[in-house]
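Asks: Quick one, fold the following:
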Amino acid sequence: MSVGTNSRLGGRATVDYRCVVAYDEEIVALDSQTGERIWSARNGFEQLVADEATGMVLVASDGGIEAFRAADGEEALGN
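Replies: Residues are numbered from 1 along each chain as shown. As a prediction, this is how the structure comes out:
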């Protein structure tokens, strides 16, 4: 993961052919080849990391850590 210098950018990662970006209060997944928006979620995210082995995106916020599947944005169980 690389983190930008803009304070509103919480992180970005590429996993499962998706470019996933946490920006301001939203997380957005784009198709890494076409740039098409695949899914998005809002929840006041602060930081983002991705696990390529599992295809999961983990985001930290004031409310705790949440996990999403990079492929479709579905929240993982047990967060």
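Asks: tell me the centre residue of this structure?
Replies: Most central residue of the chain, judged by C-alpha distance to the mean C-alpha position with C-alpha atoms, centre = their mean, is Val20 at 4.5 Å.
Asks: Quick one: mean pLDDT over stretch 45-65.
Replies: Averaged across stretch 45-65, the pLDDT comes to 83.
Asks: Output that stretch as CSV, restricted to C-alpha atoms.
Replies: The C-alpha coordinates for stretch 45-65 follow below in CSV (Å, rounded to 0.1, in the frame of the first residue of the first chain):
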residue,chain,number,x,y,z
PHE,A,45,-12.5,5.6,6.6
GLU,A,46,-9.1,6.7,7.8
GLN,A,47,-6.6,4.1,6.4
LEU,A,48,-6.7,1.2,4.0
VAL,A,49,-4.6,-1.9,3.5
ALA,A,50,-5.1,-4.9,1.2
ASP,A,51,-4.2,-8.5,1.4
GLU,A,52,-3.6,-9.9,-2.0
ALA,A,53,-3.6,-13.5,-0.8
THR,A,54,-7.2,-13.4,0.3
GLY,A,55,-8.5,-10.5,-1.9
MET,A,56,-9.6,-8.6,1.2
VAL,A,57,-9.4,-4.9,1.8
LEU,A,58,-9.2,-3.8,5.5
VAL,A,59,-10.1,-0.2,6.4
ALA,A,60,-9.6,1.5,9.8
SER,A,61,-12.0,4.2,11.0
ASP,A,62,-13.1,5.7,14.3
GLY,A,63,-15.5,2.8,14.7
GLY,A,64,-12.9,0.1,14.3
ILE,A,65,-11.6,-2.1,11.5
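Asks: distance between it and the chain's centre?
Replies: Remark: stretch 45-65 is offset 6 Å from the chain centroid, using C-alpha atoms, centre = their mean, to the nearest Å.
Asks: Fine by me, thanks again.
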